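In: Here is the input, now give the coordinates:
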Amino acid sequence: MMKLALVHAGYEVETAGDGKEGLEKFGDGKTWDAVLLDQRMPGMSGLDAQKEILKRCSAAKLILITAFGTIDLALEAIQAGASDFLRKPFTPETLKNAVKTALERPTKKLAAVPVGLACKEFTRTTINGFSFELDHQTIDDANGDMHCTFLVNSGTGHKSKINVLLHSYVMELVKAYSDSECVPGENQFWQALCEEELANYLWQNAEAPDGAHIDIDDLTLSSKRWIDSVLTVSVAEEHA
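Out: Numbering: from 1, shown residues only. Below you'll find the predicted structure:
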């Protein structure tokens, strides 16, 4: 079905039943413009196949696909050289947007960047065909809430602004969770948390939120994992 959708969009497409067959067809990569990899394949994971592909052709454009992914896995894939990370199920339009965006973006390797610090770069990378970056942020003098506005590109050229509201009481919840009165980077930390929530929304829904607004009103399991990864990196850097 993916082949049919991409052929209909004008691409020449070859398929393989697993990682081994895919690597045989990929060869040295000189005849291919992009590779789409399923994470769960017989005998070889998508990440393992990706590493071998990049050994053969460091400039390869890769899109990793899975129904069982997490933001952590997405970050690992992108740090290792993936251009995008698609979560099943997705529409043919999302697939075509992801391929188009991957082909147009310059190749960038982030293998040496820690997961926590890679979050900012991750939000500038495509996820489910979207890319975004911070436009501006403000802090409400009355209650301390942070408002972050992001410019979001759908990959088809459609651009929109998404507002993310981080309540001040959630900031206190983060400090209580981390057992600390301060967080690394202060405002940059809170901004990155807003970026993470937007990335998670696009990851889970593959579309912009209704009303172009996301309200961070509690700590989720996903946000706790992100906080843990950032604080772990910060502690490691302090002791380096």
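In: State the distance from residue 49 to residue 189.
Out: Computed as CB to CB, to the nearest Å, the residue 49 to residue 189 distance reads 35 Å. To be clear about C-beta, it is placed using only N, CA and C from the backbone, and glycine gets the same treatment.
In: Pick out whichever of those two has more residues nearby.
Out: Higher neighbour count among residue 49 and residue 189: residue 49, with 25 against 18, using other CB atoms under 10 Å.
In: burial measure for residue 51, as a count.
Out: Residue 51: 13 neighbours (other CB under 10 Å).
In: now residue 8
Out: Look at residue 8: counted by other CB under 10 Å, it has 10 neighbours.
In: so what's it closest to, chain neighbours aside?
Out: Of all residues not flanking residue 8 in the chain, residue 92 sits nearest, at 8.0 Å (CB to CB, 6 or more residues apart in numbering).
In: Would you confirm that that neighbour contacts residue 7?
Out: No: under the criterion of CB atoms under 8 Å, residue 92 is not in contact with residue 7, lying 11.1 Å apart.
In: contacting residues around the residue nearest to residue 8?
Out: The neighbours of residue 92, taking CB atoms under 8 Å, 6 or more residues apart in numbering as the test, are 1, 5, 8.
In: how close does the second one get to residue 175?
Out: It stands for residue 5. Relative to residue 175, and taking CB to CB, residue 5 is found at 46 Å.
In: Tell me which of the two has more neighbours.
Out: residue 5 (17 against 13).
In: where's the more buried one, which helix or strand?
Out: helix 2-8 (DSSP states H and E).
In: Export the contacts of residue 92 as JSON lines, with columns for pLDDT and distance to residue 21.
Out: Below are the contacts of residue 92 laid out as JSON lines (pLDDT from 0 to 100; distance: CB to CB, whole Å):
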{"residue": "1", "pLDDT": "89", "distance to residue 21": "18"}
{"residue": "5", "pLDDT": "93", "distance to residue 21": "21"}
{"residue": "8", "pLDDT": "94", "distance to residue 21": "24"}
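In: closest to residue 99 among these?
Out: Set against residue 99, the nearest of those by CB to CB is residue 5 (9.4 Å).
In: That closest one and residue 97, how far apart?
Out: Distance, residue 5 to residue 97, using CB to CB: 11 Å.
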